[in-house]
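Peer 1: This is a predicted model, with the sequence first.
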Amino acid sequence: MESGNTNILPVKKVRESNMELLRIIAMILVMVVHANFRALPVPTAAGIALDPVSKFLMFFTEAVSVIAVNLFVLLSGWFGIRPRGRRLGELLFQVLFFGLFAIGVCAVLEPALLRDRVLSRLFMLGDGDYWFIKAYVGLYILAPVLNAFVEKATKQQFKVLLIAFFTFQCIYGWLFEATRWIVSGYSLTSFIGLYLLARYIRLYPCRLWQLNKWADAAIYAAYVVVLTVVMFIIKKNGGRGGVLYFYTCPLLIVGAVHFMLFFTKLPSFSSKVINWIAISAFSIYLTQSSSFIACFYDKAILGWFNTEPRGTFILYTAGLIIAVFVASILVDKVRIVLWNLFMYPIDKIFKKNKI
């Protein structure tokens, strides 16, 4: 039988800056998608009739950026997660650090918001508290099992699994929303599928993902155009269409895959600046998706949308995104210093006892 073992690629220790740049872009897209249909209302038929150009651009922005979550998970699958206790500890420390940071910001800007479920929100005990973190930690925990399957399964077994999984997800987690534990892609289940899909693409080359990088760019551009136009028409005629923005939507998954593939085919290069930023890129999500801070982000954008000319609104929103980006990266550098100080005596003990 054909074994998958011979195709396993070694994990590269050197950071590839083209892929680190993709990680940064994925986090920027998270901010953009949240600045659009999280902060702003989805256009209605009446709104489109009054200002079709502006509303079309909103649908375009959503199509461009809504791949962000799938993109981040695909990146994890492309490189493969190799779980370590220290790395998981650092991730949880980062989440806690930014939770406390967000509480501090909230205490300064609007203390009244800290009257409800502070500890519950800090430790992500509510259903809507950092859903991505909980799904990703679940993926991290299960990674050894998934990796074992990838290493032992034949190419045919792997292919059959992916076809079966995405067929099931498409029917029950997208078209009919018949399984709550998939929840439109906001779930560990969907993360597992995306992780395995990226592993398969990395390990088993085929014509579909060995296209020229500009073909990948064209496929992504086609996805953006199709999703934008279809959603514009649906909403213009009073339809719902929200299912097309689900992370389980096949069109969205295809767009995310080819966006990633474009970056994998760029000439490999090394940039200390990009790598320095990328190490802290996840902090961007932790800052502006915090239940303590997100309301300020959304409220500012909605206020500008309702009161400012469109050009000014775009300028202000872009400025806010840049400010959150820079602040998050800088705050995370403080977090890294604190983590290293915390781990220094522990590492010395481990090293001394050869643990």
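Peer 2: Received it, and whenever you're ready, just let me know what you need.
Peer 1: Excluding residues flanking it in the chain, which one is nearest the residue nearest the centre of the chain?
Peer 2: In the chain, the residue lying closest to the centroid (C-alpha atoms, centre = their mean) is V69, at 2.6 Å. Nearest non-adjacent residue to V69, counting by C-beta to C-beta, 6 or more residues apart in numbering: Y247, 5.7 Å away. Placement of C-beta: from N, CA and C, glycine included.
Peer 1: D298 now?
Peer 2: A39 (3.9 Å).
Peer 1: What residues does that neighbour make contact with?
Peer 2: A39 sits next to 297-299, 301-302, 305 when contact means C-beta atoms under 8 Å, 6 or more residues apart in numbering.
Peer 1: Against F305, how distant is it?
Peer 2: Note on A39: its distance to F305, by C-beta to C-beta, to the nearest Å, is 8 Å.
Peer 1: cool, and W276?
Peer 2: W276 is 34 Å from F305, by C-beta to C-beta.
Peer 1: Looking at these two, which is more packed in?
Peer 2: F305 (19 against 12; other C-beta atoms under 10 Å).
Peer 1: From what I see, that one and F37 are in contact.
Peer 2: No: counting by C-beta atoms under 8 Å, F305 stays clear of F37, with 11.7 Å between them.
Peer 1: low-scoring pLDDT stretches of the stretch 1-150 of the chain, where are they?
Peer 2: 1-14 (pLDDT under 70).
Peer 1: Show me where it has its helices.
Peer 2: For the stretch 1-150 of the chain, applying DSSP state H, counting those that start in this stretch gives helices covering 17-33, 45-50, 52-65, 68-79, 85-109, 118-122, 131-152.
Peer 1: Would you tell me which of the ones you listed gets closest to R202?
Peer 2: Taking C-beta to C-beta, helix 68-79 is the member of the helices of the stretch 1-150 of the chain nearest to R202, at 5.3 Å.
Peer 1: what helices or strands is the helix ranked longest in the chain leaning on?
Peer 2: Criterion DSSP state H: the longest helix present in the chain is helix 310-352. Where contact means 3 or more C-beta pairs under 8 Å, 6 or more residues apart in numbering; DSSP states H and E, helix 310-352 is packed against helix 17-33, helix 85-109, helix 282-288, helix 294-307.
Peer 1: quick one on the thing from earlier: now the phi/psi pair for the residue nearest to V69, please.
Peer 2: Dihedral pair for Y247: phi -70, psi -20, per degrees, to the nearest 10.
Peer 1: got a list of what it touches?
Peer 2: 69-70, 184-186, 190, 253.
Peer 1: redo that, cut-off 7 Å
Peer 2: 69-70, 184-186, 190 (C-beta atoms under 7 Å, 6 or more residues apart in numbering).
Peer 1: Check the residues you listed against G138 and report the nearest one.
Peer 2: The closest of the contacts of Y247, once distances to G138 are taken by C-beta to C-beta, is S190, at 11.1 Å.
Peer 1: Which pLDDT value does the model give that closest one?
Peer 2: We have a pLDDT of 97 for S190.
Peer 1: Likewise for I346?
Peer 2: For I346, pLDDT reads 77.
Peer 1: Around it, how many other residues sit close by?
Peer 2: There are 12 residues near I346, going by other C-beta under 10 Å.
Peer 1: swap in V243?
Peer 2: By other C-beta under 10 Å, neighbour count at V243 equals 14.
Peer 1: what does I293 give?
Peer 2: Counted with other C-beta under 10 Å, I293 comes out at 21.
Peer 1: Next up, the contacts around the nearest residue to G47 once chain neighbours are set aside.
Peer 2: Excluding its sequence neighbours, the residue lying closest to G47 (C-beta to C-beta, 6+ apart) is K55, at 5.8 Å. K55 makes contacts with 43, 47-48, as judged by C-beta under 7 Å, 6+ apart.
Peer 1: and with 8 Å instead?
Peer 2: With C-beta under 8 Å, 6+ apart, K55 has these contacts: 43, 47-48, 232, 235.
Peer 1: now do N147
Peer 2: 80-82.
Peer 1: One more: L302?
Peer 2: L302 touches 39-40, counting by C-beta under 8 Å, 6+ apart.
Peer 1: so what's it scoring on pLDDT?
Peer 2: 97.
Peer 1: Numbering from 839 from now on, please.
Peer 2: Noted, 839 is the first residue going forward, which turns the last one into L1140.
Peer 1: how much space between it and A1132?
Peer 2: Applying C-beta to C-beta to L1140 and A1132 gives a distance of 12 Å.
Peer 1: Also A1053?
Peer 2: Distance from A1053 to A1132, by C-beta to C-beta: 37 Å.
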